[in-house]
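S.K.: Got a sequence here, can you build the structure:
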Amino acid sequence: MRYAAIDIGSNAVRLLIADIIQEKDGFSFKKNTLLRVPLRLGDDAFIHQKLSPKKAENLVKTMRAFRDLMDVYNVEDYMACATSAMRDVSNGPEVVKKVSEIGIDIAIIDGTTEAEIIYNSHLEAKMDLDKVYLYIDVGGGSTELSLFANAKLVNSKSFNLGTIRILDNKDEQETWDDLKEWVTNNTKMYKQVYGIGTGGNINKLSRLASEKADKPISYAKLKALYHYLTSYSLKERITLLGLNDDRADVIIPATEIFMTIMKYGHLKQIMVPRVGLVDGVIHTLIKKNLLNQGG
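M.R.: Model prediction:
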């Protein structure tokens, strides 16, 4: 059995096709194919609040290609989610309608739903019951924060602070202040808070730190990585460090967001399980189709 997940983000659009595996105590999945197309919808969204005809056309073309691949792979069910960029554009519903005509239904989801879907990807399995965790997802358009104690959600908030938004100088000082205040107020009553980071940038930072998946990155290590990356020009980060064009620029503001949150929440380290929205979507489909059938 195969399911597919589509994530229409502010920086990139992703398709994950996953093989569903039945185990004695439930279901898991194995990634079959993962495709990432750097459409950068956020540039239009945050500067013009509207997708240009060219970007809209590229999104439709990408969705058509995804639809064809899903057919070839005999995908039984799928879910397509659009996040911050599509929330911000005035012509979002119009583009969604165009895409539905080629057979893909897109749900434009809010920040809270986005966070819920990501920690659907069994993040709770990585949590110790007696620890407090701040879950941080940094995207191109927004940052989602969720605080967990005893593996239960205590509080969560979405901030209009993302890597593309910052690169386009569309981040507001007020939003930074709100973020710092929220982090301080929601973590100060706990002796120690552990970070869990998701998103393409922290996954890349984790690899650059040459840490194995799940091995935490300390605040000091993240700071050192930030100084290392900013010591190179954008061009050098691509040619010498081998970063993709569409990763080499956003990784800097992403690191700044993570460092700010870690500083204000006194987080000594951050775990990077290397999961994202697409993983959460597959788990959501498993829950919907397989676990709610009473067996």
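S.K.: Doesn't residue 27 lie inside a strand?
M.R.: Yes: under DSSP: H, G, I helix; E, B strand; the rest coil, residue 27 falls within a strand.
S.K.: Run a quick neighbour tally on the nearest residue to residue 255 once chain neighbours are set aside.
M.R.: Counting by CB to CB, 6 or more residues apart in numbering, residue 255 lies nearest to residue 226, which is 4.6 Å off, once chain neighbours are set aside. Every C-beta, even on glycine, is put in place using the N, C-alpha and C of the backbone. Using other CB atoms under 10 Å, residue 226 has 18 neighbouring residues.
S.K.: ok, how many other residues are close to residue 187?
M.R.: The burial count for residue 187: 18, using other CB under 10 Å.
S.K.: where do the strands sit along this protein?
M.R.: Along the chain, the stretches classed as strands by DSSP state E are 2-8, 13-23, 26-37, 77-82, 106-108, 132-138, 143-149, 152-159, 193-198, 217-218, 269-271.
S.K.: Which strands or helices does the longest one pack on?
M.R.: Looking back up the chat, that one is strand 26-37. For strand 26-37, the packing partners by 3 or more CB pairs under 8 Å, 6 or more residues apart in numbering; DSSP states H and E come out as strand 13-23, helix 53-72, helix 277-289.
S.K.: So for residue 200, which of these sits nearest?
M.R.: Nearest of the helices and strands packed on strand 26-37 to residue 200, taken as CB to CB: strand 13-23 at 9.0 Å.
S.K.: so residue 58 touches residue 39, yeah?
M.R.: Yes: in this structure, residue 58 is within contact of residue 39 by CB atoms under 8 Å, at 5.7 Å.
S.K.: Now do the same contact list for the residue nearest the centre of the chain.
M.R.: Nearest to the geometric centre of the chain sits residue 199, at 3.9 Å (CA atoms, centre = their mean). For residue 199, the contact set (CB atoms under 8 Å, 6 or more residues apart in numbering) comprises 137-139, 254, 276.
S.K.: the more surrounded of residue 58 and residue 39?
M.R.: Comparing residue 58 with residue 39 by neighbour count (other CB under 10 Å), the higher total belongs to residue 39, at 22 against 17.
S.K.: distance of the more buried one from residue 60?
M.R.: To residue 60, residue 39 is 11 Å away according to CB to CB, to the nearest Å.
S.K.: cool, residue 279 as well?
M.R.: Distance from residue 279 to residue 60, by CB to CB: 25 Å.
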